[in-house]
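*Asks:* 3D model of this:
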Amino acid sequence: MVALTEMTNWAVDLIDVHKTYGKGVYALRGVNIQVGRGEIFGLLGPNGAGKTTLVKIMMTILRPTRAMGTILGRPLGHRGKLARTGFLPENHRFPGYLTGAQLLDYYAALAKVPRPQRRVSAAKWLDRMGMAPWADMRVDKYSKGMMQRLGIAQALMNDPELLVLDEPTDGLDPVGRRDVRQLLLELRQQGKTVFLNSHLLSELERVCDRVAVLVDGLVARQGTLSELTDHTVEYRIIVDGDPTPVREKLTAAGVRVEGHVLTLAGSDLGRVNATIDLLRKHGIPIESVQPQRFSLEDILVEAMASGTRADQSRDRKGADGTEMTRQPKPS
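*Replies:* A predicted model of the protein is given here:
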């Protein structure tokens, strides 16, 4: 791993991260991701895209094939900054013989949190996560949802600057997911940085300031939701009447007419108002005007489709125009 000597203001700054398993099985193929301090950042992508591999490299659980970058302004693997990071792994396993309170104390001790602070923090986070009534129950008696709540509490015991959560709402019911969303928003208000890896796109959409879309080990999209969806904005005008009398004028103005639905691509409100004026002038009643833009699911599908086309192109020809076959990637 190459250490960066120049510190950055990013909470997470990952540069050219590669991970190859065995002979030519590429999990990550040059990932670049930047996460600002005090923001909620979401990592999304299909199964096998390399999301959990990237998280494990950030937390030094896996060694990258090649990588540069910083976490909280220090090179990847810096012990002091790892101690200021909270982590919830996917499919975590806790010692079943410990009680909830004992488990929080144990993991906080590993992070070198002083004993008096551990007691206060354990009580605080057990209560905040709705687990106080079960603080003295053995963990092996917990349900999956209770384990997930305990896992999030564990990740917060060291009062982290950066919180890395891999599938944090897995196993939680709708009330639990709502509680986690509210907690994340509160942490952002406190200036903490949250890095989320989740396949529940609706959850990311509700809380994230920015997201990155990982496809086949590469970042296919990165930015705010607005930046990623600006090219998809359109307005749909639904009319309660026959637009045929003005169809020719609508078509000339770039309006797509499909029955009673008129669609205008882009976010130009001037065009929308001009279309509304035209309809009113000809006595065509307007039922509704609806702005539309892609959801995170749409963005992911679009990115996957683009990635597939790029992969097919690489499969067919190399840089010199000769036929090539790529090495397999993990499913």
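
*Asks:* use CA for all of it now, contacts and neighbours both
*Replies:* Will do.

*Asks:* Stretch 38-46 - what's its average pLDDT?
*Replies:* For stretch 38-46, mean pLDDT is 93.

*Asks:* So what touches that stretch?
*Replies:* Stretch 38-46 is touched from outside by 35, 51, 184, 188-199, 201, 204, 207-215, 300, with contacts defined as C-alpha atoms under 8 Å, 6 or more residues apart in numbering.

*Asks:* of these, buried ones?
*Replies:* 35, 51, 184, 188, 192-199, 201, 204, 207-215, 300 (16 or more other C-alpha atoms under 10 Å).

*Asks:* all strands for the stretch 1-150 of the chain, in order.
*Replies:* Along the stretch 1-150 of the chain, the segments classed as strands by DSSP state E, counting those that start in this stretch run 12-21, 25-35, 40-44, 66-71, 74-75, 85-88.

*Asks:* Using CSV, write out every CA atom in the longest one.
*Replies:* Once non-C-alpha atoms are left out, strand 25-35 reads as follows in CSV (Å, rounded to 0.1, in the frame of the first residue of the first chain):
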residue,chain,number,x,y,z
VAL,A,25,-10.4,-12.2,-10.6
TYR,A,26,-10.9,-8.5,-10.3
ALA,A,27,-13.0,-7.3,-7.3
LEU,A,28,-11.9,-3.6,-7.5
ARG,A,29,-10.3,-2.1,-10.6
GLY,A,30,-9.3,1.4,-9.7
VAL,A,31,-11.9,2.9,-7.4
ASN,A,32,-11.8,6.7,-6.5
ILE,A,33,-14.2,7.9,-3.9
GLN,A,34,-14.2,11.2,-1.9
VAL,A,35,-16.4,11.7,1.2
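
*Asks:* Would you mark the buried spots in it?
*Replies:* Under 16+ other C-alpha under 10 Å, the buried positions of strand 25-35 are Tyr26, Ala27, Leu28, Arg29, Gly30, Val31, Asn32, Ile33, Gln34, Val35.

*Asks:* what residue lies at the spatial centre of the chain?
*Replies:* Closest residue to the average C-alpha location of the chain: Gly42 at 2.0 Å, with C-alpha atoms, centre = their mean.

*Asks:* That one bridge partners, please.
*Replies:* Gly42 has these beta-bridge partners by DSSP bridges: Leu196, Val211.

*Asks:* How much space separates it from Arg79?
*Replies:* 24 Å (C-alpha to C-alpha, to the nearest Å).

*Asks:* repeat for Trp134
*Replies:* Distance, Trp134 to Arg79, using C-alpha to C-alpha: 33 Å.

*Asks:* Of those two, give the one with the bigger neighbour count.
*Replies:* A direct count of neighbours by other C-alpha atoms under 10 Å for Trp134 and Arg79 places Trp134 higher, at 17 against 11.

*Asks:* contacting residues for the more buried one?
*Replies:* Trp134 neighbours (C-alpha under 8 Å, 6+ apart): Gly100.

*Asks:* residue contacts, His18?
*Replies:* Contacts of His18 (C-alpha under 8 Å, 6+ apart): Tyr26, Ala27, Leu28, Arg29, Gly30, Val31, Pro64, Thr65, Arg66, Ala67.

*Asks:* let's see 7 Å
*Replies:* Leu28, Arg29, Gly30, Val31, Pro64, Thr65, Arg66, Ala67 (C-alpha atoms under 7 Å, 6 or more residues apart in numbering).

*Asks:* ok, it to Ile237 distance?
*Replies:* 47 Å.

*Asks:* After the helix or strand hosting Val213, which helix or strand is next? Please name it.
*Replies:* Using DSSP states H and E, Val213 falls within strand 210-215. Remark: after strand 210-215, the chain's next helix or strand is strand 218-224, criterion DSSP H and E.

*Asks:* got the buried residues for the helix or strand just after that next one?
*Replies:* Downstream of strand 218-224, the first helix or strand assigned by DSSP H and E is helix 225-229. Neighbour counts over helix 225-229 (16+ other C-alpha under 10 Å) mark Leu225, Leu228, Thr229 as buried.

*Asks:* what does stretch 52-65 give?
*Replies:* Neighbour-count burial for stretch 52-65 flags Thr52, Thr53, Leu54, Val55, Lys56, Ile57, Met58, Met59, Arg63, Pro64 (criterion: 16+ other C-alpha under 10 Å).
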